[in-house]
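Colleague: the following block contains a protein sequence and its predicted model.
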Amino acid sequence: MPSNRSVGRRVVALLATLALLPGMAWSQAGTTDAPAAKPIAVIPAAPPAPPEAVTAFRRLLAVHYVTPIDSNTLARAATMQDLLALVRTDPFTDVYSPARWQSFAVALGQSFGGIGAVLGRIRDTLVLGDVLPDGPASEAGLEIRDRIVSIDDSAIVGWSLSHAVSRIRGAPGSTVSLGIVRRGEAKTLIRVLRASVQSPSVPAASLSPNGLGIITLSQFGPDLSANLVQTIDRMRAHGLKSLILDLRGNPGGLLEEAIRVSNLFLPQGSLLVETRYR
């Protein structure tokens with residue numbers, strides 16, 4: 001049982017539905033009765049899927065698709081588009097092309113140029129909610145609860161959290177100057193050398209003076225549970241008393257990581273998810 005279970009008992013979770021591959025909502029622009037413009041070029045349609053691919057996908061749906069599909073309906077689906085139409089009516093099913101799947105996998109573990117810190121907001125103030133060990137921010141001397149008041153000599157009054165993050169990130173090897181205010185101290189300018197850091201599965205965190213921690217979980221990516229435990233442990237060292245997990249806008253991700261995160265806070269033996277196979 002993780003050491004943060006006692007904190008977990010006081011968690012107020014802003015829960016979102018966990019969908020491993022959530023359906024995508026599409027909208028189509030309305031049409032008018034105006035005459036269509038004459039096309040200046042003809043773009044050929046994508047070639048149809050080879051018959052063996054259609055047969056393999058039909059067999060996959062017949063054996064493994066969670067909702068049984070009538071055999072006659074499957075037999076009438078002559079093309080890949082016909083087969084896809086059978087499952088796209090299900091809001092909990094999505095079909096990824098190889099290219100789209102590759103993009104999804106990269107998004108779960110991408111790296112970028114940054115300082116290795118997690119920003120959060122307390123009222124109108126941007127603060128460091130977490131500083132990753134051995135990262136550029138840690139090596140520059142930044143600490144949890146440091147207030148950021150300027151970035152590269154620009155006051156950040158009125159800036160959104162996302163805009164501040166975009167200004168702090170940059171090419172590895174470049175530097176960013178942060179105006180930092182610590183409790184009881186005057187403003188200090190600290191230059192941080194950016195490096196390549198992993199896309200954080202915990203992208204935002206903050207710890208208020210009264211010990212209330214807020215951690216945002218943007219998606220259930222690789223090693224999220226381990227990173228969450230480390231973040232909570234570092235917050236505890238700075239006076240964490242209670243915790244809110246913010247899952248708003250979380251589209252899902254890896255089921256195994258969602259289960260591990262839930263296990264950190266729920267009583268042992270709780271039923272989290274049930275998988276049924278055909």
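Modeller: The structure has been received and is ready for your questions.
Colleague: C-alpha from now on. contacts and neighbour counts both.
Modeller: OK.
Colleague: SS state for S262?
Modeller: Under DSSP: H, G, I helix; E, B strand; the rest coil, the three-state class of S262 is helix.
Colleague: can you list phi and psi of the residue nearest to it when sequence neighbours are not counted for me?
Modeller: Nearest residue to S262, sequence neighbours excluded (Cα to Cα, 6 or more residues apart in numbering): L272, at 7.7 Å. With angles defined as degrees, to the nearest 10, L272 sits at phi -100, psi -50.
Colleague: state the distance from W159 to R167.
Modeller: From W159 over to R167 the distance is 10 Å, taken as Cα to Cα, to the nearest Å.
Colleague: in this structure L254 contacts P222, no?
Modeller: Yes: counting by Cα atoms under 8 Å, L254 does reach P222; the two are 7.3 Å apart.
Colleague: low-confidence regions, the stretch 101-250 of the chain specifically.
Modeller: Residue ranges of the stretch 101-250 of the chain with pLDDT under 70: 102-111, 199-201, 203.
Colleague: strands of that one, start to end?
Modeller: 111-114, 117-122, 125-131, 147-151, 154-155, 175-181, 188-193, 195-198, 204-207, 212-216, 242-246 (DSSP state E, counting those that start in this stretch).
Colleague: same list (the ones you listed) but as JSON lines, adding distance to D82 and mean neighbour count.
Modeller: Formatted as JSON lines, the strands of the stretch 101-250 of the chain follow (distance: least, Cα to Cα, whole Å; neighbours: other Cα atoms under 10 Å):
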{"stretch": "strand 111-114", "distance to D82": "38", "mean neighbour count": "20"}
{"stretch": "strand 117-122", "distance to D82": "46", "mean neighbour count": "22"}
{"stretch": "strand 125-131", "distance to D82": "49", "mean neighbour count": "24"}
{"stretch": "strand 147-151", "distance to D82": "54", "mean neighbour count": "21"}
{"stretch": "strand 154-155", "distance to D82": "56", "mean neighbour count": "12"}
{"stretch": "strand 175-181", "distance to D82": "53", "mean neighbour count": "20"}
{"stretch": "strand 188-193", "distance to D82": "53", "mean neighbour count": "18"}
{"stretch": "strand 195-198", "distance to D82": "40", "mean neighbour count": "18"}
{"stretch": "strand 204-207", "distance to D82": "43", "mean neighbour count": "26"}
{"stretch": "strand 212-216", "distance to D82": "40", "mean neighbour count": "21"}
{"stretch": "strand 242-246", "distance to D82": "40", "mean neighbour count": "19"}
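Colleague: in TSV, list the ones you listed along with distance to A258.
Modeller: Below are the strands of the stretch 101-250 of the chain laid out as TSV (distance: least, Cα to Cα, whole Å):
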stretch	distance to A258
strand 111-114	21
strand 117-122	21
strand 125-131	21
strand 147-151	31
strand 154-155	38
strand 175-181	35
strand 188-193	33
strand 195-198	19
strand 204-207	18
strand 212-216	14
strand 242-246	13
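Colleague: and V261, what does it touch?
Modeller: Residues counted as contacts of V261 (Cα atoms under 8 Å, 6 or more residues apart in numbering) are L224, S225, L228.
Colleague: rerun that using 6 Å as the cut-off
Modeller: S225 (Cα atoms under 6 Å, 6 or more residues apart in numbering).
Colleague: count the residues that sit near the residue nearest to L254 when sequence neighbours are not counted.
Modeller: For L254, ignoring the flanking residues on the chain, the nearest one in space by Cα to Cα, 6+ apart is F220 at 5.4 Å. Counted with other Cα atoms under 10 Å, residues neighbouring F220 total 25.
Colleague: partners of F220 in the sheet?
Modeller: Listed beta-bridge partners, F220: G253 (assigned using DSSP bridges).
Colleague: so for stretch 160-168, what gets flagged as buried?
Modeller: Of the residues in stretch 160-168, L161, A164, V165, I168 count as buried by neighbour count, 16 or more other Cα atoms under 10 Å.
Colleague: using CSV, write out every CA atom in it.
Modeller: C-alpha atoms of stretch 160-168 as CSV (Å, rounded to 0.1, in the frame of the first residue of the first chain):
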residue,chain,number,x,y,z
SER,A,160,-3.0,32.6,-18.5
LEU,A,161,-1.3,29.5,-17.2
SER,A,162,-0.9,28.0,-20.7
HIS,A,163,0.7,31.2,-22.0
ALA,A,164,3.2,31.3,-19.2
VAL,A,165,4.1,27.6,-19.8
SER,A,166,4.6,28.3,-23.5
ARG,A,167,7.0,31.2,-22.7
ILE,A,168,9.0,29.1,-20.3
